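# Show me how the following folds:
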Amino acid sequence: MRDDRSLLEVVLGDGRFLIALTGISLALSGGFAVLQSIAGQLLPQDSHAIGMDAVALAHAANRRLLGFMFHDRVAYGGSLVAIGVGYLWLAAFPMQRREPWAWWSLLFSGTIGFLAFLTYLGQGYLDTWHGVATLFLLPVFVVGLWRSHPGEFSLRFVWRSAPNDLSASARWGRNLLTTCASGLILAGVTIALFGMTRVFVPSDLRFIGINVSSLGRISPMLIPLISHDRAGFGGGLCSIGCLLLFMARCAELNRSLAEIVAVMGCAGFGGAISVHFAVGYVDFFHLMPAFAGFFLFIFADALLWAALRKHAPGILDAPPPAHYPRL
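Just a heads-up that it's a prediction; the model follows:
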């Protein structure tokens, strides 16, 4: 049969390619932020805003200030990687089966993520590179959502149509993952609000060894630049938490779910926690919530894996979920 489809029609398809492209872009952006921080360099627009590069900033203040700025950026980059791989998983698995919850999770998570760009303006710093990248990526995501819309359904039906798990370990795993997701949303909101307003918590200033007024005298745009990454990290946490909340509640338990939960945890918690030790910021009370969430995440994923091992034949070879309408 002759194929008369246009190139645009093939590219747009059912929207999964565009969602996957969004995920790849986010993951690469997060990876770049991590690598740039490891290299010990500020981005060109950051140096232009504060009027000095990383070496000059270290001389004007101290090395701890630079390490503090990099710790925020690595944490933000890790959250972008976690969101990106999560979107790739949605496009490859639940959206391929046209499961409505996957579309709703993208809608909420993506809306939060893109609106988080506005939090950067709380202290008056506009990252032009980030703004341009957001403007290019937003239409890709929106068109992907439009093309992947699964038809007539309600959010209430999606939320109430939870899979019937075969074991108590699976149910406990979902409950712990739900708790962790809720904690990430709460933490994200808190960090974003602090990023837009006070910017620093007391342990931050103790680590840096410089008070707020002195930071302002080094460069008027220094605090707004720090606010930019901190508020962005808070928005990223909210986006991850929203995505995990839908996954914990609605996703069918299978090998790919347990794997992607582990990958997202390694990217998000791994980046946020390990960078503190890399820069020497090891305040106990500052790290305690992150470690609590990390261990909760590990227990949740371990219980999901335990349920898979116990019921592997019934889960791994099961047909597509029957509790969602085929569209």
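# L243 - nearest residue in space that isn't next to it in sequence?
S109 (4.3 Å; Cβ to Cβ, 6 or more residues apart in numbering). Every C-beta, even on glycine, is put in place using the N, C-alpha and C of the backbone.
# wouldn't that neighbour be in contact with L244 here?
No. Applying Cβ atoms under 8 Å as the test, S109 and L244 come out as separate, 9.1 Å apart.
# which residues touch the residue nearest to L243?
I83, G86, S239, I240, C242, L243, F246 (Cβ atoms under 8 Å, 6 or more residues apart in numbering).
# and with 6 Å instead?
S239, C242, L243 (Cβ atoms under 6 Å, 6 or more residues apart in numbering).
# Could you give the number of residues near the first one?
Just to be clear, that refers to S239. Using other Cβ atoms under 10 Å, S239 has 28 neighbouring residues.
# Next, the buried residues of the helix or strand containing it.
Following DSSP states H and E, one finds S239 within helix 222-250. In terms of neighbour count (16 or more other Cβ atoms under 10 Å), helix 222-250 has its buried residues at 222-250.
# Ok, stretch 50-60 next?
Neighbour-count burial for stretch 50-60 [16+ other Cβ under 10 Å]: I50, M52, A54, L57, A58.
# Could you tell me which residues make contact with V143?
Taking Cβ under 6 Å, 6+ apart as the test, what V143 contacts is L18.
# distance of it from C242?
21 Å (Cβ to Cβ, to the nearest Å).
# Could you look up the SS state of the nearest residue to V140 once chain neighbours are set aside?
Nearest residue to V140, sequence neighbours excluded (Cβ to Cβ, 6+ apart): L18, at 5.2 Å. Put simply, L18 is helix when judged by DSSP: H, G, I helix; E, B strand; the rest coil.
# where's L18 relative to S148, distance?
Distance from L18 to S148, by Cβ to Cβ: 8 Å.
# got it, and T179?
From T179 to S148 the distance is 29 Å (Cβ to Cβ).
# contacting residues around stretch 172-185?
Contacts for stretch 172-185 (Cβ under 6 Å, 6+ apart): 237-238, 240-241, 244-245, 248, 293, 296-297, 299-300, 303-304.
# In it, which residues have enough neighbours to count as buried?
In stretch 172-185, counting by 16+ other Cβ under 10 Å, buried: W172, G173, R174, L176, L177, T178, C180, A181, G183, L184, I185.
# just stretch 18-33 next, same as before
Buried-residue list, stretch 18-33, by 16+ other Cβ under 10 Å: 18-23, 25-27, 29-31, 33.
# Next, format those as JSON lines and append secondary structure.
Shown next, in JSON lines, are the buried residues of stretch 18-33 (three-state DSSP):
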{"residue": "L18", "secondary structure": "helix"}
{"residue": "I19", "secondary structure": "helix"}
{"residue": "A20", "secondary structure": "helix"}
{"residue": "L21", "secondary structure": "helix"}
{"residue": "T22", "secondary structure": "helix"}
{"residue": "G23", "secondary structure": "helix"}
{"residue": "S25", "secondary structure": "helix"}
{"residue": "L26", "secondary structure": "helix"}
{"residue": "A27", "secondary structure": "helix"}
{"residue": "S29", "secondary structure": "helix"}
{"residue": "G30", "secondary structure": "helix"}
{"residue": "G31", "secondary structure": "helix"}
{"residue": "A33", "secondary structure": "helix"}
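# List just the nearest of these to W159.
Checking the buried residues of stretch 18-33 against W159 with Cβ to Cβ, the nearest one is I19 at 20.9 Å.
# Excluding residues flanking it in the chain, which one is nearest F233?
F233 sits nearest to Y76 (Cβ to Cβ, 6+ apart), 4.1 Å away.
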